[in-house]
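In: Take a look and give me a structure for this.
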Amino acid sequence: MNNKKQKQKNVKKSKRPIYIIFISILIALVIFIFFLPAFFSTKAGTNYLISKIEKKSNAKVEIESFHLTW
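Out: Below is the predicted model:
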């Protein structure tokens, strides 16, 4: 009987880190998505977008100003 309780206790302890890791990854992903507009509004982010658009469309793209917000 004591072994069953001990096994249940071990199972509960082993699942707890999985939840913490999952929640941590989820929070990091939300923060990453939240700051994407700020990154793409910078010169480096704008240049990155322009290069990706030019590769996909095989055309020259020029942007005078570019600003993203939520």
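In: and residue 62, what helix or strand is that in?
Out: Assigned by DSSP states H and E, residue 62 falls within no helix or strand.
In: wait, I meant residue 59
Out: If you go by DSSP H and E, residue 59 is not part of any helix or strand.
In: Phi, psi for it please.
Out: phi -140, psi 160 (degrees, to the nearest 10).
In: now it: how far from residue 45?
Out: 20 Å (CB to CB, to the nearest Å). Bear in mind the C-beta positions are built from the backbone N, C-alpha and C, glycine included.
In: who's more crowded, the two?
Out: residue 45 (16 against 8; other CB atoms under 10 Å).
In: Might you report the residue contacts of the more buried one?
Out: residue 39 (CB atoms under 8 Å, 6 or more residues apart in numbering).
In: what about residue 69, which SS state?
Out: The local conformation at residue 69, judged by DSSP: H, G, I helix; E, B strand; the rest coil, is coil.
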